[in-house]
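Asker: Structure, please.
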Amino acid sequence: MKMIAFLDESFDSFFDLKKNDGYFCMGIFILPESKLREFSKVFKEYKEKLENLLQRPAHQRRKELKSSALRNLTIQQRNEAAKNLLDWAITNDAYVGGFYTSTKGFCNFTLRDSKATDQQISEELYTDENIKAARLDILAQRKSAVAESYMIGQIAQTVAGILLGFCGNSGHTFSIRYDPRNEQEDHIVFGEIVKRTMQVEKVMHQRKVYLGYSNTLTSSQCEGLQMVDFVTKDLKSMFKEHPRLLTDFNSRQLITPEINTTRHTVTTEVAGRKHKWGDLEHMDSSLVTSLFAPNSPFSLLNYHEIIMSKFVSCYSDHGTARIIDLNDFVFQDMVD
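Answerer: Residues are numbered from 1 along each chain as shown. Next comes the predicted model:
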């Protein structure tokens, strides 16, 4: 099946690394290409419900409805308006997904990635000197590389892995669409995603999965791009409202194949041999309950059935590459 993946990003105080709670979030909305016309109709009906609730003047209704306008609605109003849209997504193979990191998590991921050895753990790695050096190195790379492409590279590779894993394992192919309005931003962020997608595809799959990209339509002309704007906003809100997703079982100890930990081990098979993939820990029941709270924008009451592969990705506060498994409700922290 041919799929179309709509991508959007949101960030604040991220590229200058000045605030630990700055963030970068990438949202994904993917659906079958054959369902695009039908989705557009359903989304327009959803948007009309939102407009009726917002009661914007006629001249404003002619403009694109951005996710920022939804802060003027209650979560209950949004949920009621979205019911038909979400029901349609569940029955028509449409899914959402994405990636999130705080500035702190990204810097610590870079530290682990650049300094990690089998012998270095906790105190040896997370010194003030090492943390400061990691930040300075990132900023130096930014100046010598093409703008922020150095910072986006690893994030883009993760997003590429999400798309290729989901579509490749399901027997689908996909193309990417994104909004072309910010030329510099597109060149940096989505240029890296396209490049990394082609690179990762060569490693992950023998057949062709990625079919290319398009940036000819702005979000005001495309319901799929408007939808992913909403998804990205809600995904960011989930991490902001549930910081434990980044901090629970957040060990400074490096995760390597040789280090024995008290956590469960996740394995994968490559060329007939099992390899350690990472460490696993079950979520606390109180966190699971809060994720299903009806007063949250990204409440799993709404999104659970349409999350790609039932997981979202992030960097934890201490910089582990973390998969949040929302099927079994476990954290999978990948080998460094």
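
Asker: Only alpha carbons, please: show the helix or strand that contains residue 53 as PDB.
Answerer: Using DSSP states H and E, residue 53 maps to helix 36-54. Output of helix 36-54 as PDB, limited to C-alpha atoms (Å, rounded to 0.1, in the frame of the first residue of the first chain):
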ATOM      1  CA  LEU A  36      -6.400  11.300   0.900                       C
ATOM      2  CA  ARG A  37      -9.500  12.700  -0.800                       C
ATOM      3  CA  GLU A  38     -11.800  11.100   1.700                       C
ATOM      4  CA  PHE A  39      -9.600  12.300   4.600                       C
ATOM      5  CA  SER A  40      -9.800  15.900   3.300                       C
ATOM      6  CA  LYS A  41     -13.500  15.800   3.500                       C
ATOM      7  CA  VAL A  42     -13.600  14.400   7.000                       C
ATOM      8  CA  PHE A  43     -11.000  16.900   8.200                       C
ATOM      9  CA  LYS A  44     -12.900  19.900   6.700                       C
ATOM     10  CA  GLU A  45     -16.000  18.700   8.700                       C
ATOM     11  CA  TYR A  46     -13.800  18.600  11.800                       C
ATOM     12  CA  LYS A  47     -12.400  22.000  11.200                       C
ATOM     13  CA  GLU A  48     -15.900  23.400  10.700                       C
ATOM     14  CA  LYS A  49     -16.900  22.100  14.100                       C
ATOM     15  CA  LEU A  50     -13.800  23.800  15.600                       C
ATOM     16  CA  GLU A  51     -14.600  27.100  13.900                       C
ATOM     17  CA  ASN A  52     -18.200  27.000  15.200                       C
ATOM     18  CA  LEU A  53     -16.800  26.500  18.700                       C
ATOM     19  CA  LEU A  54     -14.200  29.300  18.300                       C
END
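
Asker: Show the subsequent helix or strand relative to it.
Answerer: helix 58-61.

Asker: which residues touch that following helix?
Answerer: Helix 58-61 has contacts (C-beta atoms under 8 Å, 6 or more residues apart in numbering) with residue 51. C-beta: built from backbone N, CA, C; applies to glycine.

Asker: List the buried residues of that helix.
Answerer: Neighbour-count burial for helix 58-61, counted by 16 or more other C-beta atoms under 10 Å, picks out no residue.

Asker: packing partners for the very next helix or strand once past that helix?
Answerer: Counting by DSSP H and E, the next helix or strand C-terminal to helix 58-61 is helix 75-91. When contacts are defined as 3 or more C-beta pairs under 8 Å, 6 or more residues apart in numbering; DSSP states H and E, helix 75-91 packs onto helix 36-54, helix 300-303.

Asker: any idea which helix or strand carries residue 174?
Answerer: Assigned by DSSP H and E, residue 174 belongs to strand 173-177.

Asker: Quick one: mean pLDDT over that strand.
Answerer: If you average the pLDDT over strand 173-177, you get 95.

Asker: Could you list the low-confidence segments of the protein?
Answerer: Across the chain, the ranges flagged by pLDDT under 70 are 115-123, 142-150, 182-187, 205-206, 258-263, 267-273, 275.

Asker: about what we covered before: go through the strand holding residue 174 and flag the buried ones.
Answerer: 174, 176-177.

Asker: Can I get that strand as CSV, trimmed to CA atoms?
Answerer: Extracted in CSV, the C-alpha atoms of strand 173-177 (Å, rounded to 0.1, in the frame of the first residue of the first chain):
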residue,chain,number,x,y,z
THR,A,173,5.8,2.2,0.7
PHE,A,174,5.7,5.9,1.6
SER,A,175,6.4,9.4,0.4
ILE,A,176,7.0,12.5,2.6
ARG,A,177,5.1,15.8,2.4
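
Asker: contacting residues around that strand?
Answerer: With C-beta under 8 Å, 6+ apart, strand 173-177 has contacts from 1-7, 30, 33, 163, 167, 190, 193-194, 197, 208-215, 217, 222, 224-225.

Asker: Mark which of these are buried, thanks.
Answerer: Buried members of those, counted by 16+ other C-beta under 10 Å: 3-7, 30, 163, 167, 190, 193-194, 197, 209-210, 213, 215, 222, 224-225.
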